[in-house]
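**Student:** here is the input, now give the coordinates:
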Amino acid sequence: MAAFLQIRFDRFGVLEDLNESIQYGTKAARMTPDDHPNKPTRLNTLWNSLQSRFHKLGEVADIQDAIEYQSQAVALIADGHPEKPGYLNNLGLSWQSRFHKLGELSSLDHAIEYLSKAVALTPAGDPDKPAWLSNLGLSWQGKYELVGEISALDQALEYQTQAVDLTPEDHPDKSEYLNKLGLSWRNRFKRFGELGDIGRAINYHTRAVNLTPDGHPSKPGRLNNLGVSWLGKFEHVGDLADLGRAIDFQTQAVELTPESSSGEADLLGNLGGSWLSRFERLGELEDLNRAIEYQSRAVYSTLDGHPEKPRRLDLLGGSWNSRFERFGELEAIENSVKFRSQAVELTPDGHPHKPRYMNNLGNLCHCQFKLLGELTYLHRALDYQSRVVDLTPDTHPNKPGYLSNLGNSWHSRFERLGELADLEHAIDCQSRAVALTPNGHPDKPGRLSNLGNAHQSRFERLGELADLDRAIDCQSQAVALSPDSHPRKSIFLNNLGNSLQSRFRRLDELEDIKLAIEYQSQAVALTPDGHPDKPGYLINVGALWRTRFERFEELSDLEYAIECQSKAVALTSDHHPEKLVLLNSLGISLLRRAQHMGDVSNLEEALMVFRTAATATAFKPSIQMQCARNWARASISLGRSPLAAYQAAFSLLPRLVWIGQTIQHRHETMTAIRDLASQAAAWAISVNLYDLALEWLEQGRSVVWGQTLQLRNPFNDLFLVDSRLAQKLRDIASRLDSAGSTLALQVSGEDVLRDVRLQTEHHNRLALEWEKLLEQARQIPGFESYMRPLKSKEIKQAAKDGPVVVINTHLTQCNAIIVMPMSQNIMNVPLDGVEQEKLDQISTKMHHSIGIYGGARGFTQSKSEGNIRLLMFIWSHVVEPILRALNYIDNPVLSERPHITWCTTGAMSFLPLHAAGLYDGHSLNTFDIVVSSYTPTLRALLFHKSPSSTQSGLLAVGQATSLGQAPLPKTVDELKTIGRYSSTILYHELEGASATVDATLAAMQTHSWVHLACHAVQDRSNPSKSAFYLHDGLLTLEEITRRQFKHKGLAFLSACQTATGDDSLPDEAAHLAAGMLIAGYPSIIATMWWIMDEDAPFIADIVYSELLKDGKMDHTQSARALHKAVKVLRERVGEKNFQRWAPFIHMGV
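**Tutor:** Numbers count the residues shown, from 1 in each chain. A predicted model of the protein is given here:
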């Protein structure tokens, strides 16, 4: 009865027949004693039914029972029994089925073990031997797919070839053996990319199809396999005729298959894949719709437990992803993520296909990041892709592709966050991907191109020609390895053109621009209008024509550029993530045409393009910042207000200089927009919007510095209304503060890459949580502007101890805006005689002549009479107009010199305003009229507006000798001098060997004041590495700013260059003195350039005698104490010897 029901199920496919067959078969097997001669036969019949139900429903219990019963049958038959090989073969097939369901290598090894025994026990000439050989070959093929060992594939080919050779042409199973042999040759083609292999696969599949009669149940499957092989050839060669053949054969397969049959879903999925390939080549929407239709039918006709369900879900997700890439639809990518997530969830860990599904899901997360700009998606991509790379041995054929995808995600994070370590990881992954891909492999050109893109980015970042040459070499190889019919040839041509354009800009060789235009024009010509990549190629070739216009000023070049770029914009939907890039490039071309022709209409059009991009909801802050600034320039040129444009730019600033990035990278980002604040403020001042100018100067300068101060907010006001939220903010702020100063490791290796990724993701998550908590706080009534940029009314409160003079320098004009104590009015003093170019020259000359570049305490340099002339210029054109406006020159009879705090921008930040004067022997100069302090921003004064009443002593640190530095013998005298004034306060010295980095930091925690007498160094390549030389190493600015010292007062930095900023970041206060302000010291005495060793103890003597004369520690008198000390030194060395007395400055309150 069991056998009859099985036969009826095979004929009609009624599941109930199969269930009853298993019930009867189970009873029969249990009722039959082991020594009964029919017991093995009944067990084998039961095995057949269980195997059939497993293939129908995919239940693991069925295949496990099948293995158990067939194992009993095998055990009951002696090795010499003629049916033993057949039972062994069946047992091997069950283990093979279990492997396909669970992906366990052990299941595959069992399959190979039993199938090998079946072959070994079968004599030559036995008609069943080819079947056992074919099945054994199939298991070795499965092992190859799992572990990627070539030896396993060789075994598969050997056994399957034997099966074919041993079988006569008219044998009914010959076609199946040919079919399986074709599959193995196709796998070899995938591994090595040799056309001969795919040719053999097509030959064997064709023979299999031709030998299979119409109406045979296997005919559709063999037609499908033949189509898949033609598709593989198309993907390698790019011949559309091959793709047409693939679709024809797969369509025949589907048409020959009854609906709802067990094999239909697989055929539908594969046919959908071929239509997808046609869409990706020709860009025709109908092809994509067919792909989604067929693959949807495949998924919905497959039960959840079926072993093929994950693969079909993954394929359907791929088609939805292609729709997203074409149209940028959010719904499309959401569907793609849904289906591919299900594929991952339904696949058990350890299954050979799990890494592939995870890789595809990671790629989707990468796409989501590109669409929405949220780093969470990129972190998911990196997580999935990193796990896939870790799970996959180097010998696996898919490893190079996984590495390449991981490299692309690292590259995207570099483009977003700018961390050089991410780009290094990208290059490492792409290099390994290329190295693991054999020559001739169809994916080799793409991986070379990805590697070239990464080197191109490193060239753009570091400017090293070796990277550009490597990029061009990789892109050239990619182009050379791809025939014109290759589906990705256009991408490779486009990338090569981009690299040649970069070399033209660097070396100005005309052949490069000529070739670049030629290659990118080919990319455009090879790509149909409906193709999703067409707009990108058009925008790039347009940029090339614009570059050619810049070189030759032929208007026709610019016209063609605009034509190409306009078409690119028109072909791209408004919500596509790359639309902003296209608009920006078009806007630049329109702006250049307007400038060239003086045409207002072009300027109007450029303005509209820039405004559209700058205010878009898409997330590309660097592009949008460029557009906002260009929008402002176009507005000014048209005589319109740029207010909205500048507001857009400043609203982008927190996203561009993101607190989730390292401090080093935020500084690097600021170099690209360092004149934003001064540019915007110059316009605001020109239309008398002085309060707005002040707000913008505060918001757009010392941005990184201000972010750090934000994180060190005590949140006291929020604690009063929501203590729980305030505590969360305080905790996140503390962790974020520490994370920001941690630099990513720049080394390779998968373990290190994972550590760096986790470290950076942690930092990013903290930043996202910080922003989320701030938004929660802003929902509280009265806290709507909580921790947003300060308004002018709040900023003006900084002018408590005298006027604060903010000097703004810009190409168009220079002005001083003065904030007065107890006043809401801002005074504007035009500095008409000052030009930014002149200031840059003065700053450079003074730096070189005084010794900013290389001088240090313990060295002397010759005087430069030219510097006196520079100080005279600064007096006449900058300081004197300001002091006159304050009525300090015409009314000099004052009981006490007034105190001025200078807050400068640009090149003015490096000039000693306190030393400006005529130096003619009888005229007053700045030093004679006012007491000067400096501040990087007015926020710094507000941050320290409440002096601490708790003072816990003075720490003095001296280091007379440092490795590689000149001796500083006077530091010993300096500390002795300080010690003489410390009898009434807590005083602690660290000198010589005791002045280690750790000991110094620990003592700074417990003392309110610190005096550092040692060498210092300004690191121009990385300001955060500027440092003090101590006994065992460097106390860096990075290490100092990580501290959050409480109840501090004065920091006396008796070393060289401690207030010398970075000329690439003039408005970021990236120097040691500013670092001490950030660390919590409200008052700093520092040096603008080198000082003589003997002058340091002289100044310290007078400063401390003043500050400690009443036995109290009052840092608010530091500026006047320093002024007095410098006055004595000035009288001692001579006014004109300003190099000696002028380097000493006061910063802060």
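
**Student:** nearest residue to the middle of the protein?
**Tutor:** In the chain, the residue lying closest to the centroid (C-alpha atoms, centre = their mean) is residue 413, at 1.0 Å.

**Student:** check the offset of the longest helix along the chain from the chain's centre.
**Tutor:** In the chain, taking DSSP state H as the definition, the longest helix is helix 750-777. Put simply, helix 750-777 sits 13 Å off its chain's centre (C-alpha atoms, centre = their mean, to the nearest Å).

**Student:** what about residue 1079, how many residues nearby?
**Tutor:** Other residues near residue 1079 come to 21 when the count uses other C-beta atoms under 10 Å. (C-beta placed from N, C-alpha, C; glycine too.)

**Student:** just the pLDDT at it, thanks.
**Tutor:** For residue 1079, the pLDDT comes out at 80.

**Student:** who's in contact with it?
**Tutor:** Contacts for residue 1079 (C-beta atoms under 8 Å, 6 or more residues apart in numbering) come out as 1040-1041, 1043-1045, 1048.

**Student:** what comes up buried for the helix or strand hosting residue 561?
**Tutor:** Using DSSP states H and E, residue 561 falls within helix 555-570. By neighbour count on 16 or more other C-beta atoms under 10 Å, the buried set for helix 555-570 is 557-558, 560-562, 564-569.

**Student:** any regions of the stretch 901-1050 of the chain where pLDDT drops low?
**Tutor:** 944-950, 1020-1023 (pLDDT under 70).

**Student:** before we move on, the earlier item: and the longest helix of the chain, what other elements does it pack with?
**Tutor:** helix 375-391, helix 420-436, helix 723-740 (3 or more C-beta pairs under 8 Å, 6 or more residues apart in numbering; DSSP states H and E).

**Student:** change it to 7 Å
**Tutor:** Applying 3 or more C-beta pairs under 7 Å, 6 or more residues apart in numbering; DSSP states H and E, one finds that helix 750-777 makes contact with helix 375-391, helix 723-740.

**Student:** pick the most buried one from those helices.
**Tutor:** helix 375-391 (a mean of 22; mean count of other C-beta atoms under 10 Å).

**Student:** now for that helix, which elements pack on it?
**Tutor:** helix 354-372, helix 399-417, helix 750-777.

**Student:** so after the helix or strand harbouring residue 655, what's the next helix or strand?
**Tutor:** For residue 655, the host element (DSSP H and E) is helix 643-656. As assigned by DSSP H and E, the chain's next helix or strand after helix 643-656 is helix 663-672.

**Student:** by mean pLDDT, point me to the weakest helix or strand of this protein.
**Tutor:** Every helix and strand of the chain was ranked by mean pLDDT, DSSP states H and E. The lowest is helix 2-12, at a mean of 60.

**Student:** hang on, the earlier thing: tabulate the buried residues of helix 555-570 (a markdown table), appending distance to residue 999.
**Tutor:** Converted to a markdown table, the buried residues of helix 555-570 look like this (distance: C-beta to C-beta, whole Å):
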| residue | distance to residue 999 |
| --- | --- |
| 557 | 66 |
| 558 | 65 |
| 560 | 68 |
| 561 | 63 |
| 562 | 65 |
| 564 | 65 |
| 565 | 62 |
| 566 | 66 |
| 567 | 67 |
| 568 | 62 |
| 569 | 62 |
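
**Student:** got a markdown table for those, with pLDDT and distance to residue 816 too?
**Tutor:** Formatted as a markdown table, the buried residues of helix 555-570 follow (pLDDT from 0 to 100; distance: C-beta to C-beta, whole Å):
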| residue | pLDDT | distance to residue 816 |
| --- | --- | --- |
| 557 | 94 | 45 |
| 558 | 94 | 41 |
| 560 | 94 | 48 |
| 561 | 94 | 43 |
| 562 | 95 | 43 |
| 564 | 94 | 47 |
| 565 | 94 | 43 |
| 566 | 94 | 45 |
| 567 | 94 | 50 |
| 568 | 92 | 46 |
| 569 | 92 | 44 |
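
**Student:** and which of those residues is nearest residue 62?
**Tutor:** Distance to residue 62 across the buried residues of helix 555-570 (C-beta to C-beta) is lowest for residue 568, with 56.4 Å.

**Student:** residue 38 contacts residue 29, doesn't it?
**Tutor:** No - here residue 38 does not reach residue 29: they are 10.0 Å apart, not a contact under C-beta atoms under 7 Å.

**Student:** neighbour count: those two, which is higher?
**Tutor:** Under the criterion of other C-beta under 10 Å, the comparison of residue 38 against residue 29 puts residue 29 first, with 22 against 11.

**Student:** wait, that one touches residue 68, no?
**Tutor:** No - when contacts are counted by C-beta under 7 Å, residue 29 is not listed as touching residue 68 (10.5 Å).

**Student:** common neighbours of the two, please.
**Tutor:** Common contact partners of residue 29 and residue 68 (C-beta atoms under 7 Å, 6 or more residues apart in numbering): none.

**Student:** number of residues surrounding the closest residue in space to residue 736 that isn't next to it in sequence?
**Tutor:** With C-beta to C-beta, 6 or more residues apart in numbering as the criterion, residue 736 has its nearest non-adjacent residue at 4.5 Å, and that residue is residue 766. For residue 766, the neighbour count with other C-beta under 10 Å is 22.

**Student:** what's the neighbour count on residue 820?
**Tutor:** Using other C-beta under 10 Å: residue 820 sits among 15 other residues.

**Student:** look up how far residue 45 lies from it.
**Tutor:** 103 Å (C-beta to C-beta, to the nearest Å).

**Student:** likewise residue 366?
**Tutor:** Note on residue 366: its distance to residue 45, by C-beta to C-beta, is 52 Å.

**Student:** check contacts around the closest residue to residue 219 other than its chain neighbours.
**Tutor:** Of all residues beyond its chain neighbours, the one nearest residue 219 is residue 212 (4.7 Å), with distances taken as C-beta to C-beta, 6+ apart. Residues in contact with residue 212 (C-beta under 7 Å, 6+ apart) are 175, 218-219, 222.

**Student:** thanks a lot, catch you later.
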